[in-house]
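Colleague: Need the 3D shape of this:
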Amino acid sequence: MGKQRITIQSIMTGLSIACLLIIFTQCASSQQVDKQAPITFNSPYYQEWVSGIREGGSGFIVYLPVNEDTSIVLEEVYFKGKKIELERKKNQAVYIGRYTNPGTVVRDLIMSDDPKEEAKNEVPALEEKIPFELQENECMIGYTKNGKKGYFKLDRLPEKQMKGIPMQIRQ
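Modeller: Numbering: from 1, shown residues only. Got it, this is the predicted structure:
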């Protein structure tokens with residue numbers, strides 16, 4: 001009968017594997033998607049928009065009219081490869097997410113001999129890769145209910161006709 005020797009290396013290897021399994025299990029469960037939406041919507045949709053002036057930009061707005069439920073707070077929507085923060089309109093049961101295409105808005109740049117003045121230029125925001133694989137017109141909605149984070153998917157977010165938004169040049 002041969003005795004097996006337990007070495008520090010074998011103990012450390014076992015602990016490392018156990019830790020990795022726990023970490024990956026935790027990460028996988030942190031973005032669990034509900035099979036059914038915990039809230040009902042009244043005809044959600046999105047709408048492309050374009051400014052009436054060249055410098056005004058373009059983008060889209062996601063409209064999520066909900067049936068009243070105060071225990072659920074919608075926080076963000078993942079749509080068209082973008083993460084868009086949602087805000088609830090005051091005194092209305094509708095959440096709105098606005099996205100502006102970054103290359104379409106002309107911003108003034110400060111060009112100066114003084115580096116402190118140039119430091120006032122706005123840094124372009126980097127868009128993060130969304131953590132979900134979505135098909136055309138599918139969207140994932142992040143919400144909080146009783147302090148717990150959850151996600152659910154809308155299989156189809158219909159598009160309404162494009163909206164032209166007249167704007168004035170800021171002076």
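Colleague: What are the boundaries of the helices in this structure?
Modeller: 8-30, 115-118 (DSSP state H).
Colleague: rank those by mean pLDDT and give me the bottom one.
Modeller: For the helices of the chain, mean pLDDT drops lowest on helix 8-30, to a mean of 63.
Colleague: List the contacts of the residue lying closest to residue 71 once chain neighbours are set aside.
Modeller: The spatially closest residue to residue 71, leaving aside those adjacent along the chain, is residue 145, at 5.7 Å (CB to CB, 6 or more residues apart in numbering). From N, CA and C alone the C-beta is placed, and that goes for glycine too. Residue 145 sits next to 38, 71, 72, 73 when contact means CB atoms under 8 Å, 6 or more residues apart in numbering.
Colleague: Could I get the pLDDT score of the second one?
Modeller: Looking back up the chat, that one is residue 71. For residue 71, pLDDT reads 82.
Colleague: Tell me how many other residues surround it.
Modeller: Look at residue 71: counted by other CB atoms under 10 Å, it has 9 neighbours.
Colleague: So it sits against residue 148, correct?
Modeller: No - using CB atoms under 8 Å, residue 71 is not in contact with residue 148, being 10.7 Å away.
Colleague: lowest confidence element among the helices and strands of this structure?
Modeller: helix 8-30 (a mean of 63; mean pLDDT, DSSP states H and E).
Colleague: In contact with residue 141, which residues?
Modeller: Per CB under 8 Å, 6+ apart, neighbours of residue 141: 37, 64, 74, 76, 77, 78, 86, 151, 152, 153, 154.
Colleague: any weak-confidence spans in this protein?
Modeller: The chain contains residues with pLDDT under 70 at 1-5, 18-31, 69, 103-108, 124-126, 163-171.
Colleague: tell me, what residue is most central in it?
Modeller: In the chain, the residue lying closest to the centroid (CA atoms, centre = their mean) is residue 83, at 2.4 Å.
Colleague: for it, which residues make a bridge with it?
Modeller: Counting by DSSP bridges, residue 83 forms beta bridges with residue 78.
Colleague: Strands of the protein, start to end?
Modeller: Assigned strands in the chain, in chain order: 33-34, 45-51, 58-65, 72-79, 82-88, 94-100, 139-145, 148-154, 159-165 (criterion: DSSP state E).
Colleague: what about residue 91, distance to residue 68?
Modeller: 12 Å (CB to CB, to the nearest Å).
Colleague: swap that for residue 159, please
Modeller: 26 Å.
Colleague: If you count surrounding residues, which of these two has more?
Modeller: residue 159 (12 against 6).
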